[in-house]
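>>> Build me a model:
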Amino acid sequence: MRLSLVIGGAVASLALSATAFAAPTLTLTPTIQRFYQDGTVPAQHGMPASTQGLNFDDCNNNVKIRFTLSMSTVDTSNYSLQAWAGPSDCAPVAARTASTAACWPVLAGNVAQASTTTVDVNVRDIAAQIGRTTTSIALSYSPASASVCSSGVSGANQINVYFLLVPSANGDATGANSPFKIKLTGPPAPTVTSVGSGDGLLNVNWKAATDSDTQGFYLFTDPPLTPISDAGAVTVCTDAGFSDGGVDDGGNPINIPNDASCSSTPISVADGGVCGTSALQAGVAGSLLKAFSTGTPTGNTSSSVSVTGLTNGLTYNVAVAAIDSYGNIGPISAPTSPTTCGSPAPIDDFWKIYRKDGGGAGGSCDISQTEGAPLFGLALLGLGAAWIKRRRK
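Got it, this is the predicted structure:
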């Protein structure tokens, strides 16, 4: 009996131990929410169907992604809840170990365990180490800066955000993940081929670069259609983690004085009359120059557009950039003076010239008052004779 009790006690002990160390179940709510750092919700941008896409604006504005987690059991004694990101499975301990690392931490420290909790992760931290080799991945968390958004990594990159229950012995983990496609660069820059003038407008023509993901084209003018700031200059504003080209956190043109806590850096703007002196410089992402945009993009097959609402006699620098399915506006076209400049001007058509030279209004011609009347009459007689001759044939 004693033996059976001992055996029974041993069996019971083993059963309790197995129960105690069984990993809790972790699930993620499918709906993922995006927020600015101040809590406001950004406008939905374009992205491929059925894809949780993140773009340059999400990264540059340091948008945060809100995840909702549910745990079957809270077990802080045997497991820590951690957040990681990477292109492959982050659950194996090797993926989170130096020399074999494929993932990186996206939060400082552990996530507080609860039956239901929300966790915010910054897009910059998710994108921070895209393209790094296993030996160069940093395994200690450090908040990513805006520089990661312009790292030059091209194409759409599959990155998964993992919430892992890591055992206290730091072995293989269990958990749940949410996949994202991150694309930080827009299509290659088009080439402006000509700029024609009209009354209060410019006709801009361009040649697009080869790119399968181009969805349309944005036009830019300097000076812009909407005046920017009191001095006619645009600023790049860094405000509580936001970096905006010429606009504040709400997308409005920045005026002097700037928002509170906004550190501004002036960018020179041509006030007209100077071709080639402009904020529209080659290679600058159109996403940073939205204050110079003429409005909504054109279609993806467009190669010309008329920009209206311009001031006659004022010299405008113009540029074109392509936008992709993620909402990334690529680098703008290179300025080529004088090809990429134009000055709107009234057009003198036949009737304007005719009246300016003394012609009367209406549909009749007063031959007697026209200096070239004899020649005009002879021309009419010649036409009449030719018509009669043709009728007789």
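
>>> Tell me the buried residues in stretch 278-286?
S278, A279, L280, Q281, V284, A285, G286 (16 or more other Cβ atoms under 10 Å). The C-beta positions use only the backbone N, C-alpha and C, and glycine is treated the same way.

>>> Could you confirm V148 falls within a helix?
Yes - assessed by DSSP: H, G, I helix; E, B strand; the rest coil, V148 belongs to a helix.

>>> Look up the residues forming beta bridges with W104.
A85 (DSSP bridges).

>>> okay, and the helix or strand of this structure with the least pLDDT?
Lowest by mean pLDDT, DSSP states H and E among the helices and strands of the chain is helix 2-20, with a mean of 37.

>>> who's in contact with the closest residue to M71 other than its chain neighbours?
Residue nearest to M71 in three dimensions, not counting chain neighbours: P24, with 5.1 Å by Cβ to Cβ, 6 or more residues apart in numbering. P24 sits next to M71, S72, T73, V74, D75, Y79, L165 when contact means Cβ atoms under 8 Å, 6 or more residues apart in numbering.

>>> and those as a markdown table, adding distance to S88, pLDDT and neighbour count?
Output for these, formatted as a markdown table (distance: Cβ to Cβ, whole Å; pLDDT from 0 to 100; neighbours: other Cβ atoms under 10 Å):
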| residue | distance to S88 | pLDDT | neighbour count |
| --- | --- | --- | --- |
| M71 | 24 | 94 | 19 |
| S72 | 26 | 94 | 12 |
| T73 | 28 | 93 | 12 |
| V74 | 29 | 94 | 13 |
| D75 | 27 | 94 | 17 |
| Y79 | 22 | 95 | 24 |
| L165 | 19 | 96 | 22 |
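
>>> Considering those residues, which is situated nearest to C103?
L165 (15.0 Å; Cβ to Cβ).

>>> So that closest one: helix, strand or coil?
Under three-state DSSP, the three-state class of L165 is strand.

>>> Equivalent analysis for A95, please.
A95 - assigned by three-state DSSP - is helix.

>>> farthest pair in the buried residues of stretch 278-286?
S278 and A285 (15.6 Å).

>>> out of the buried residues of stretch 278-286, who's nearest I65?
A285 (22.0 Å).

>>> Distance check, that closest one against N110.
Counting by Cβ to Cβ, to the nearest Å, the gap from A285 to N110 is 36 Å.

>>> V318 bridge partners, please.
Assigned bridge partners for V318, using DSSP bridges, are T221.

>>> Could you tell me how far it is located from V74?
60 Å.

>>> taking the contacts of P24 one by one, which sit in strands?
Using DSSP state E, the subset of these located in strands is M71, Y79, L165.

>>> nearest to T116, of the residues you listed?
M71 (7.8 Å).

>>> so the closest one makes contact with V119?
No - using Cβ atoms under 8 Å, M71 is not in contact with V119, being 12.0 Å away.

>>> for the stretch 101-250 of the chain, what spans make up the strands?
With DSSP state E, counting those that start in this stretch, the ranges of strands along the stretch 101-250 of the chain come out as 104-105, 116-122, 157-167, 174-182, 191-198, 201-207, 214-222, 234-239, 242-245.

>>> Farthest-apart pair in the contacts of P24, please.
Farthest pair in the contacts of P24, by Cβ to Cβ: S72 and Y79, 11.9 Å.

>>> neighbours around D213, how many?
Look at D213: counted by other Cβ atoms under 10 Å, it has 18 neighbours.

>>> Actually, S99.
Count around S99 with other Cβ under 10 Å applied: 8.

>>> Now it: closest residue in space, sequence neighbours ignored.
T135 is the one closest to S99 (Cβ to Cβ, 6+ apart), at 6.1 Å.

>>> Show the contacting residues for that neighbour.
A98, S99, A101.
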